[in-house]
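[1] Sequence plus predicted model, see below.
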Amino acid sequence: MPESGTVLVITGTFDPTADLVIEELNRRAVPVFRADTAWFPSRLALAAGLDGSPSGWGGALATERRSLDLAAVRSVYYRRPT
């Protein structure tokens, strides 16, 4: 059974290595959400908290163009955020 969910990529805005990883994930049709912690709070919003879901917590990350339900995250690639 294939895994489902989004890979959260936390990295700097300009990271050629992460770009290659994202290209490969896209080639494999894996959803990706890229963010840099330096964008917070002006360009990246975080809302999270404990809830009654099976994982025990929920929330969202959002930029001006996209948002990500944290419950949909299947894995995190953390590489050199600024």
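    Alright, I've got the coordinates.
[2] Report whether residue 38 is found in a strand, as I expect.
    No. Judged by DSSP: H, G, I helix; E, B strand; the rest coil, residue 38 forms no part of a strand; its state is helix.
[3] Can you give me every residue that contacts it?
    By C-beta atoms under 8 Å, 6 or more residues apart in numbering, the residues touching residue 38 are 12, 13, 81, 82. In short, each C-beta sits where N, CA and C put it, glycine included.
[4] Run through the residues that contact the second one.
    Translated: residue 13. Residue 13 neighbours (C-beta under 8 Å, 6+ apart): 36, 38, 82.
[5] coming back round to it: out of the contacts of residue 38, who's nearest residue 4?
    Of all these, residue 81 has the smallest distance to residue 4: 25.2 Å, by C-beta to C-beta.
[6] ranges for the helices of the protein?
    Using DSSP state H, the helices of the chain run over 16-27.
[7] Tell me where this structure has strands.
    Counting by DSSP state E, the chain has these strands, from start to end: 6-11, 32-35, 45-50, 57-62, 67-69, 73-79.
[8] As CSV, those strands with mean pLDDT and distance to residue 23 would be great.
    Below are the strands of the chain laid out as CSV (pLDDT from 0 to 100; distance: least, C-beta to C-beta, whole Å):
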stretch, mean pLDDT, distance to residue 23
strand 6-11, 97, 11
strand 32-35, 97, 10
strand 45-50, 92, 26
strand 57-62, 90, 21
strand 67-69, 95, 19
strand 73-79, 95, 13
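[9] Save these as a markdown table, and put in mean neighbour count too.
    Shown next, in a markdown table, are these (neighbours: other C-beta atoms under 10 Å):
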| stretch | mean neighbour count |
| --- | --- |
| strand 6-11 | 19 |
| strand 32-35 | 19 |
| strand 45-50 | 11 |
| strand 57-62 | 16 |
| strand 67-69 | 15 |
| strand 73-79 | 13 |
